[in-house]
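A.B. asks: Here's my sequence, what's the structure:
(one chain, ligands or ions: 1)
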Amino acid sequence: MKKSLVLTGMMGVGKTTIGRLLAKRLLLKFIDVDKVIEKNQGKSIKRIFEENGEPFFREIEERITLKILKKKRAVIALGGGAFMNNQIRLKVLKSCTSIWLKVNLKSLIKRYKKNDRRPLLNTRKTDVDLKKMYELRKKIYRFANFRINCDNMRKSQVVDKILFLYEN
Ligand code: S3P
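C.D. replies: Below you'll find the model as predicted:
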């Protein structure tokens with residue numbers, strides 16, 4: 001049986017949008033882990049960070065993500081930091097097909113400036129901090145089964161490429 005399809009990559013690369021489109025094409029359920037966490041906690045990720053702090057969020061993220069990964073086949077969008085967690089990453093690598101959606105840092109920074117929903121970005125993060133985070137995370141996202149360079153690609157092209165990889 002085919003495995004679940006898991007999307008990873010930095011905040012703002014389009015995991016949710018691409019994930020939804022993929023699920024539609026594959027006739028599978030789409031699960032956005034951040035949304036499940038928000039529902040479970042009854043508040044936005046932003047508020048969880050503000051009121052409970054990042055370590056608390058990471059604990060919940062680990063528990064909920066591992067639970068979701070046990071479910072039947074689906075398209076799953078991970079939170080941008082989830083792949084940094086050893087347990088989550090090992091489980092994904094063992095039991096799912098994983099895709100790293102890669103977008104260059106310059107475009108990401110542009111996207112971030114338009115949106116303040118992301119807690120890790122609006123706490124005095126400078127472009128230098130973001131670059132550091134990006135460089136560190138790249139070393140880990142690299143373990144995903146496939147990497148898609150999304151720069152200059154339309155969403156539909158990204159989706160087609162992932163479907164090709166997943167189905168072959
Ligand atoms: C995070 C990414 C967010 C969310 C949280 C932390 C991160 O998810 O899980 O704000 O550490 O990169 P998205 O990548 O869906 O924005």
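
A.B. asks: and residue 151, what is it in contact with?
C.D. replies: By C-beta atoms under 8 Å, 6 or more residues apart in numbering, the contact list for residue 151 reads 102, 103, 104, 107. Glycine gets a C-beta too; all of them are placed from N, C-alpha and C.

A.B. asks: Now list the buried members of those.
C.D. replies: Neighbour counting with 16 or more other C-beta atoms under 10 Å marks 102, 103 as buried within the contacts of residue 151.

A.B. asks: So which of the contacts of residue 151 belong to helices?
C.D. replies: The helices, defined by DSSP state H, take in residue 107 from the contacts of residue 151.

A.B. asks: Pick out the most distant pair among the contacts of residue 151.
C.D. replies: Pairwise distances across these peak at 10.6 Å for 102 and 107 (criterion: C-beta to C-beta).

A.B. asks: before we move on, the earlier item: present the contacts of residue 151 as a markdown table; the columns should include distance to the ligand and pLDDT.
C.D. replies: Formatted as a markdown table, those follow (distance: C-beta to the nearest ligand atom, whole Å; pLDDT from 0 to 100):
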| residue | distance to the ligand | pLDDT |
| --- | --- | --- |
| 102 | 13 | 97 |
| 103 | 12 | 95 |
| 104 | 16 | 93 |
| 107 | 15 | 87 |
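
A.B. asks: Tell me the one of the contacts of residue 151 nearest residue 35?
C.D. replies: For these, the nearest to residue 35 is residue 103 (21.2 Å; C-beta to C-beta).

A.B. asks: How about the contacts made by the closest one?
C.D. replies: Counting by C-beta under 8 Å, 6+ apart, residue 103 makes contact with 9, 10, 12, 13, 14, 111, 150, 151.

A.B. asks: For the chain, what lies in contact range of the ligand?
C.D. replies: 11, 15, 34, 45, 79, 80, 81, 118, 119, 120 (C-beta under 6 Å from any ligand atom).

A.B. asks: For burial, what's the neighbour tally of the residue lying closest to residue 101 once chain neighbours are set aside?
C.D. replies: Nearest non-adjacent residue to residue 101, counting by C-beta to C-beta, 6 or more residues apart in numbering: residue 9, 3.8 Å away. Burial of residue 9 is recorded as 26 neighbouring residues (other C-beta atoms under 10 Å).

A.B. asks: Alright, that wraps it up for me.
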